[in-house]
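Undergrad: Show me the folded form of this:
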Amino acid sequence: MSGWLSLLLAVFCAIGLASLGLGDHPLPLREVWLALIPGQGATPEAEMVVLDLRLPRLLAAGLGGAALAVSGALVQAVLRNPLADPGLLGINSGAALVVIALMVLAGPGVLALLPVAGFAGALLSVVLVWALAWQGGASPLRLVLVGLALAAMTGAMASVLTTFAPINAAQRALIWLAGSLHDIDRPRLQLMALWLALPLGLSLALARHADALNLGETTARALGQRVEVTRAALILIAALLAGATVAITGPIGFVGLIAPHLARHIAGPLHARMLPVAALIGACLVAAADLAGRLVFAPVQIPAGLVTALIGGPFFFWLIWSRRHARS
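TA: This next block holds a predicted model:
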């Protein structure tokens, strides 16, 4: 287990060094290293490129990828479905709708409110899904069906807002909707870290409760689990993780599906072991997607969200195909 964590951390560091050194203004590894260590004589230009432009973007990619991966793992535990992700419960689309409304109606200068807006939208979607799916309890199937309907509705509302917005606001919204990290700076990174620290810690603290849900309602209740309370708590944490991330980076799809699935193959189904692995896989995935988007069609930059969609779509089809003989 520790070996896999060390390997994934090394992979993220390798991607990070490449991200800090490569781009429109390439820097040799020595210059990158000097810029990262204060007082080592790096040039002002190298310090600006590395510390002010590329490092916040890299750390936001890692932190956002980890949060989306953990959010996806919690949603999969609640729904008992390895093909689920936060989008199935309308978490991402709800966060996106409120953030776009804030960007379009309030304009620029609302940086400090974006995580609040993202979480508010995600939480509102979760509350609506839970209320509409409740019939003496909230079964996973009803949660999925109501979540898909709500996601479609909120997505349409976001499109309407973007269509009728002033051109500058519409352009900002469209770039953000693609899941772009190009505008990440230190204040955005600090906000992101502040909002994600608590829910990431809570997700590890509730790992054993997620394990009990995976065993089924009957078994979980026999173990003394308050099933509905546990489901609500895990979905709330998932909403906070996904909502705060989406508010800063825009929607980055499929990370919450891919990372937990790979992590289970590496670390097994127990969440205390699986969640750290999933977080590192998610961090590597988003950081690599952002790097590829900057380099493959340079000088044109492809948003990380589009790159993960190009990867995640075939991965999802492969999952469906590989499980075609599994019992439902």
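Undergrad: To what extent is Glu31 buried, counted in neighbours?
TA: 19 (other Cβ atoms under 10 Å). No exception for glycine: its C-beta is placed from N, CA and C like everyone else's.
Undergrad: quick one, what contacts it?
TA: 21, 42-43, 46, 50 (Cβ atoms under 8 Å, 6 or more residues apart in numbering).
Undergrad: quick check: mean pLDDT across the helix or strand where Val277 lies?
TA: Taking DSSP states H and E as the definition, Val277 sits inside helix 271-295. Taken as a whole, helix 271-295 has an average pLDDT of 92.
Undergrad: Distance-wise, check the nearest residue to Leu262 once chain neighbours are set aside relative to Gly72.
TA: If the residues on either side of it in the chain are set aside, Leu262 comes closest to Ile281, at 5.4 Å by Cβ to Cβ, 6 or more residues apart in numbering. For Ile281, the distance to Gly72 (Cβ to Cβ, to the nearest Å) stands at 11 Å.
Undergrad: Can you give me every residue that contacts Val49?
TA: Val49 neighbours (Cβ under 8 Å, 6+ apart): 23, 25, 27, 35.
Undergrad: ok, back up a step: quick one: which two of the contacts of Glu31 are the most distant?
TA: Farthest apart among the contacts of Glu31 by Cβ to Cβ are Gly21 and Thr43. That separation is 14.0 Å.
Undergrad: Give me the more crowded residue out of these two.
TA: Taking other Cβ under 10 Å, Gly21 and Thr43 do not tie; Gly21 has more neighbours (21 against 12).
Undergrad: Need the per-residue pLDDT for that one.
TA: 87.
Undergrad: So which helix or strand of this structure has the lowest pLDDT on average?
TA: Within the chain, confidence by mean pLDDT, DSSP states H and E is lowest for helix 217-222 among all helices and strands, at a mean of 74.
Undergrad: Give the residue spans of the stretch 1-150 of the chain that score low on pLDDT.
TA: For the stretch 1-150 of the chain, the stretches flagged by pLDDT under 70 are 1, 40, 106-112, 136-139.
Undergrad: ugh, typo on my part, it should be the stretch 201-328 of the chain
TA: For the stretch 201-328 of the chain (pLDDT under 70), the answer is 223, 322-328.
Undergrad: now the helices: where do they sit in it?
TA: 207-214, 217-222, 227-249, 255-267, 271-295, 304-322 (DSSP state H, counting those that start in this stretch).
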